[in-house]
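**Student:** Fold the stuff below for me.
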Amino acid sequence: MALQIDATNPEHPALLLELPWQLPLEEWPEHHLVPLPRGISRHVVRYARAGTEVVAVKELAERPAQREYTLLRDLDRLGIPAVDALAVVTGRSDAAGAPLEPVLITRHLRGSQPYRSMFETTMRPATMHRLMDALAVLLVRLHLAGFAWGDCSLSNTLFRRDAGAYAAYLVDAETGELHPRLSPGQRDYDLDLARVNISGELLDLEASGALHPSVDPVEFGTEICARYRDLWQELTRTSVYPAGKYHYIERRIRRLNDLGFDVAEMQIGHSTAGDTVTFVPKVVDAGHHQRQLLRLTGLDAEENQARRLLNDLESWMATQEDHAPGDPLAARPEVLAHRWVRDVFRPMVRSVPTGLRGSMDPAEIYHELLEHRWYLSERAQHDIGLETAVADYIAHILPRARDSLAPPVPE
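**Tutor:** Take a look at the predicted model:
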């Protein structure tokens, strides 16, 4: 059988043909590989260079490879945080003509880390709580979209920094199933698997001495269940309000938006006596602030990053009310947002030397600068301004953090 590459983009096959498909993945030469941290996997996985892309290559049987490729594309269509499926390569054989396993190729998620690499130094319990929050949000988003994961675990997740918190991405969809809607039993099964898997992974870390002594692996495994149920309840519960108190409905919608979720539609019904109103929101996938920031500025950021950048944008807009008073178009939000990106966001990010950024993307860098300005302003008891904060951040913070930052992915 001839080598065949099924890809999402017509440009990818030409780039992927340069890789040594005639060799088992374990034998690929070092000059094709990129030394990035890998999580635990049932399969052989390697990071490789394909033109200007860094890709993850996973060997597995053809049917599971094609199935996972399809599921990852479905998740992308639904806007779920998951690795980006690029191609499936079949028909591989070695120099003697013996068949080799097909491979699934996904794009490397820049700035992400598997959980084991995050535990190379002992992780504080507070940071672990943020990881559990991120994983709980991911699982809720999957379930709202009708996706039963079937193997939720830390090993099957990648984490990216997101304005002081973390964003979780699904990295292994091999056991997943997509349905129009999940039953409570399907959701509970996924949640119970997550509890068992996470407790087991943390027990393994404890045995290796990589777990903080105050962390109970079983309690942390149970914690994701509580966090998931609290979030699911907030997103799906039916509210009953006194008639005429419609601002309660608006307050509920705002609270859902603050969690990062949109309300696509709602059901509002009056009681028979007319004294109460029942409100049932239909919540769709997270990303309320992401979409708002992208619409206004064209910047694509994580949800918490987007929330922080929007707050800064709104504060900056409030200082621009008198700009070009004779031109009504100058005060439009999209025009002001364009000016903010051009005159504030980009200059501040570009002032941070590329070699000191590590794996931080521009939105995370800007968040760090805002945090540092707040810290310095609190200490000085007055606003020191962003430019002063940037200079101090470059001079005093980045040099100390350089060793802890992951190296940038080759362009």
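
**Student:** which parts of stretch 178-188 are buried?
**Tutor:** Leu178, Leu182, Gln186, Arg187 (16 or more other CB atoms under 10 Å). No exception for glycine: its C-beta is placed from N, CA and C like everyone else's.

**Student:** Quick check: strands, which of the residues you listed are part of them?
**Tutor:** Leu178 (DSSP state E).

**Student:** from the buried residues of stretch 178-188, which is closest to Gly355?
**Tutor:** Leu178 (42.6 Å; CB to CB).

**Student:** what about the stretch 1-150 of the chain, any weak spots by pLDDT?
**Tutor:** Of all residues in the stretch 1-150 of the chain, those with pLDDT under 70 make up the ranges 1, 10-14, 120-122.

**Student:** can you pull out the strands in it?
**Tutor:** In the stretch 1-150 of the chain, the strands defined using DSSP state E, counting those that start in this stretch lie at 4-7, 45-50, 53-59, 84-90, 103-107, 112-114, 147-148.

**Student:** closest one to Leu75 among these?
**Tutor:** Nearest of these (CB to CB): strand 147-148, 6.8 Å.

**Student:** Could you tell me how far the helix or strand following that closest one lies from the centre of the chain?
**Tutor:** Later in the chain than strand 147-148, the nearest helix or strand by DSSP states H and E is strand 157-162. In terms of CA atoms, centre = their mean, to the nearest Å, the centre of strand 157-162 is found 5 Å from the chain centre.

**Student:** List the contacts of the very next helix or strand once past strand 157-162.
**Tutor:** Sequence-wise, the next helix or strand downstream of strand 157-162 (DSSP H and E) is strand 165-170. The contact list for strand 165-170, computed with CB atoms under 8 Å, 6 or more residues apart in numbering, reads 75, 80-83, 109, 112, 130-131, 133-135, 137-138, 142, 149, 156-161, 302-304.

**Student:** Pull strand 165-170 out as PDB, backbone CA atoms only.
**Tutor:** Extracted C-alpha coordinates of strand 165-170, given in PDB (Å, rounded to 0.1, in the frame of the first residue of the first chain):
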ATOM      1  CA  ALA A 165      -4.900  30.700  36.200                       C
ATOM      2  CA  TYR A 166      -4.700  27.800  33.700                       C
ATOM      3  CA  ALA A 167      -6.600  26.800  30.600                       C
ATOM      4  CA  ALA A 168      -7.000  23.100  30.000                       C
ATOM      5  CA  TYR A 169      -7.000  21.400  26.600                       C
ATOM      6  CA  LEU A 170      -8.000  17.900  25.600                       C
END
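
**Student:** Run the angle between it and strand 84-90 for me.
**Tutor:** 30 degrees (axes from the mean of the first three to the mean of the last three CA atoms, to 10 degrees).

**Student:** those helices in the stretch 1-150 of the chain, which residues are they?
**Tutor:** In the stretch 1-150 of the chain, the helices defined using DSSP state H, counting those that start in this stretch lie at 12-16, 62-77, 115-118, 125-144.

**Student:** As TSV, the strands of the stretch 1-150 of the chain with mean neighbour count would be great.
**Tutor:** Listed next are the strands of the stretch 1-150 of the chain as TSV, based on neighbours: other CB atoms under 10 Å:
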stretch	mean neighbour count
strand 4-7	16
strand 45-50	19
strand 53-59	22
strand 84-90	22
strand 103-107	24
strand 112-114	21
strand 147-148	22
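
**Student:** Ok, which of those comes nearest Ala210?
**Tutor:** Nearest of those (CB to CB): strand 112-114, 13.2 Å.

**Student:** just for the stretch 301-411 of the chain, where's the confidence low?
**Tutor:** In the stretch 301-411 of the chain (pLDDT under 70), the answer is 321-331, 358-359, 400-411.

**Student:** switch to 50 and redo it
**Tutor:** Judged by pLDDT under 50, the stretch 301-411 of the chain has its weakly predicted residues at 403-411.

**Student:** Tell me where it has helices.
**Tutor:** Under DSSP H, counting those that start in this stretch, the stretch 301-411 of the chain gives helices at 303-318, 333-340, 346-350, 362-380, 386-392, 398-401.

**Student:** what's the angle from the longest one to helix 303-318?
**Tutor:** Regarding helix 362-380 and helix 303-318, their directions subtend 60 degrees when assessed with the same axes, to 10 degrees.

**Student:** Report how many residues lie close to Leu299.
**Tutor:** By the measure other CB atoms under 10 Å, the count of residues near Leu299 is 20.

**Student:** returning to that earlier point: do you know which of the strands of the stretch 1-150 of the chain lies nearest Leu356?
**Tutor:** That would be, of the strands of the stretch 1-150 of the chain and by CB to CB, strand 112-114, which comes in at 18.7 Å.

**Student:** by contact count, what packs against that closest one?
**Tutor:** strand 157-162 (3 or more CB pairs under 8 Å, 6 or more residues apart in numbering; DSSP states H and E).

**Student:** pLDDT of the strand it packs on, averaged?
**Tutor:** Strand 157-162 comes out with an average pLDDT of 84.

**Student:** what do you get for stretch 180-187?
**Tutor:** Stretch 180-187 shows a mean pLDDT of 94.
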